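Enquirer: my questions concern the predicted model and sequence given below.
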Amino acid sequence: MARRASEDVLAAVHAFVTRIDALDPHAPSFGELTLTLGGEQVSLTLRAPVAEAMVEALRVYHDPRDRGRCDHCGSGWLDDNFQCRDCGAFNGVFGQLLAERAAGYTEPEAAAPLPGLGLAAGRHARREEPGDPS
């Protein structure tokens, strides 16, 4: 049976608290953290070092989908090409460079197959020589 997302969250928080708490088990208690997800509940005693570690971990986390704010309109909706989904402007020097390169791009012409190779014409195809046993 597959684990539910709520079980993963609860297990991850529990493992984090346990791992950090083991480094200083006699630190003063900071309070209790109770999480309820999907009908499951876990209550954990937080000591000061664990609380500090949780705050630090949450502050430094960066979601890879967050590409920053648009320089033009200030929204936080930049796509993979650094183009703002709200105003359409390309963001920053890199975004502008991508836009300029994309605007001037032309598809190269397809290379003609080499004569005499027929359907086996690929970059790894080899010509059969007379008397070649392969």
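Expert: It's in.
Enquirer: mind listing the strands for this structure?
Expert: Listed in chain order, the strands found in the chain under DSSP state E are 29-37, 40-47.
Enquirer: go through those strands and name the closest to Asp63.
Expert: Closest approach to Asp63 among these is made by strand 29-37 (20.0 Å; CB to CB). Quick note: C-beta positions are derived from backbone N, CA and C, even for glycine.
Enquirer: that closest one packs against which elements?
Expert: Under the contact criterion of 3 or more CB pairs under 8 Å, 6 or more residues apart in numbering; DSSP states H and E, strand 29-37 touches helix 5-21, strand 40-47, helix 48-60.
Enquirer: packing partners of the last one?
Expert: Using 3+ CB pairs under 8 Å, 6+ apart as the contact criterion, the elements in contact with helix 48-60 are helix 5-21, strand 29-37.
Enquirer: and for the shortest one?
Expert: Here strand 40-47 is seen to pack against helix 5-21, strand 29-37 when contacts are counted using 3+ CB pairs under 8 Å, 6+ apart.
Enquirer: Phe82 against Val93, yeah?
Expert: No - with the criterion set as CB atoms under 8 Å, Phe82 and Val93 do not qualify as a contacting pair; they are 9.6 Å apart.
Enquirer: which of these two has more neighbours?
Expert: Phe82 (21 against 9; other CB atoms under 10 Å).
Enquirer: neighbours of the residue lying closest to that one once chain neighbours are set aside, just the number please.
Expert: The shortest distance from Phe82 to any residue that is not its chain neighbour, by CB to CB, 6 or more residues apart in numbering, is 3.1 Å, and that residue is Gly95. By the measure other CB under 10 Å, the count of residues near Gly95 is 20.
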